[in-house]
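Visitor: Output the structure for:
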Amino acid sequence: MTRTVRKAIFPVAGLGTRFLPATKSVPKEIMTLVDRPLIQYAIDECRAAGIEEFIFVTARGKSALEDYFDSAPALEAELRSKGKTKLLDILEDTNMPSGAIAYIRQQRALGLGHAVWCARRLIGNEPFAVVLPDDVIAAEKPCLQQMVEAYQETGGNMVAAMEVPPENVSSYGVLDYSREDGNRVTVSGMVEKPKADEAPSNLAVIGRYILTPRIMYNLSKMKEGAGGEIQLTDAIADEILGEGVHGLRFEGRRYDCGSKAGFLQATVAFGLARKELRDELAGFLEELNIADIAAQ
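Guide: So this is what the prediction gives:
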């Protein structure tokens, strides 16, 4: 019998070097798509999936991320005095109840698996989600909610998966699978960042996971994988013959906001999705396109 997924780990200790100089003082996770930080999209997705406890694995220089989820009494009082209730409602979504959020320091950058392992004492003997805020997924039903619903049927471990161009597989963990059942696959093998000609498929793992507590035991072996790091993919692969691993082809569009191009694409897409911005932004993009054609 499967158990409720109540906890989520957010590995946010990275330096965000691809976005320097902005990330010299601003954590990448609170860079904004339109007017909401990346981390807010991740939190909202988790809340929709029933997550109640939020565990952030951070590093030095991430205090602004911690402050974001704190209350802002002076700002709230100012808005209240001016009757700006809509803005107060927006702020309310950024506040976290006392005790719902915890911060753990990853003192050495030893890979995603190591970051997840750092939260082991707060996970205990429960299944848990891992969410990478860099992967922003636009979906009618939030991706993690789709996974939680599928997990209720399968149990074991589950990863979000999507097809990627074969030439891009070396940037992902890649699945080998033996059986398909609708949008789910039964995983028979996992390889972290394989060469294109050695990849078992082009079905890649992206930043959403539901994992059993046994994963923490596997990670505790500190087995070095690709790049000399502790790879979460390897720890999950160790469970293929144990509690099992499933991949879910989620419905929705994923934006890789860990890259500049992906971040810009997401900004445009989320801007166009906003009713109050759509016409002006679409008009501007059309003007740019006309100007580009004329220049050619």
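Visitor: which parts of stretch 204-221 are buried?
Guide: For stretch 204-221, the neighbour count (16 or more other Cβ atoms under 10 Å) marks 204-212, 214-216, 218-219 as buried. (Each C-beta comes from the backbone N, C-alpha and C, glycine too.)
Visitor: Can you tell me which of the residues you listed is nearest Pro11?
Guide: Gly207 (9.1 Å; Cβ to Cβ).
Visitor: Show the contacting residues for the closest one.
Guide: The contact partners of Gly207, by Cβ atoms under 8 Å, 6 or more residues apart in numbering, come to 130-135, 160.
Visitor: pull the CA atoms of the helix or strand where Asp44 lies into PDB?
Guide: Take DSSP states H and E as the rule and Asp44 turns out to sit in helix 38-48. Presented in PDB, the C-alpha positions along helix 38-48 are these (Å, rounded to 0.1, in the frame of the first residue of the first chain):
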ATOM      1  CA  LEU A  38      11.200  30.500 -10.200                       C
ATOM      2  CA  ILE A  39      10.900  29.000  -6.700                       C
ATOM      3  CA  GLN A  40       7.300  30.300  -6.400                       C
ATOM      4  CA  TYR A  41       6.200  28.300  -9.400                       C
ATOM      5  CA  ALA A  42       7.800  25.200  -7.800                       C
ATOM      6  CA  ILE A  43       6.100  25.800  -4.400                       C
ATOM      7  CA  ASP A  44       2.700  26.300  -6.100                       C
ATOM      8  CA  GLU A  45       3.100  23.100  -8.000                       C
ATOM      9  CA  CYS A  46       3.900  21.200  -4.800                       C
ATOM     10  CA  ARG A  47       1.000  22.700  -2.900                       C
ATOM     11  CA  ALA A  48      -1.300  21.500  -5.700                       C
END
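Visitor: any residues touching it, and which ones?
Guide: By Cβ under 8 Å, 6+ apart, the residues outside helix 38-48 that reach it are 8, 10, 12, 28-33, 54, 65, 68, 93-94, 129, 131, 133-134, 136-137, 142-145, 257.
Visitor: Same question for stretch 170-187.
Guide: 150, 154, 159, 161, 164, 188-196, 199-206, 231-233, 240, 244-251.
Visitor: longest single helix anywhere in the protein?
Guide: Determined from DSSP state H, the single longest helix within the chain is helix 275-295.
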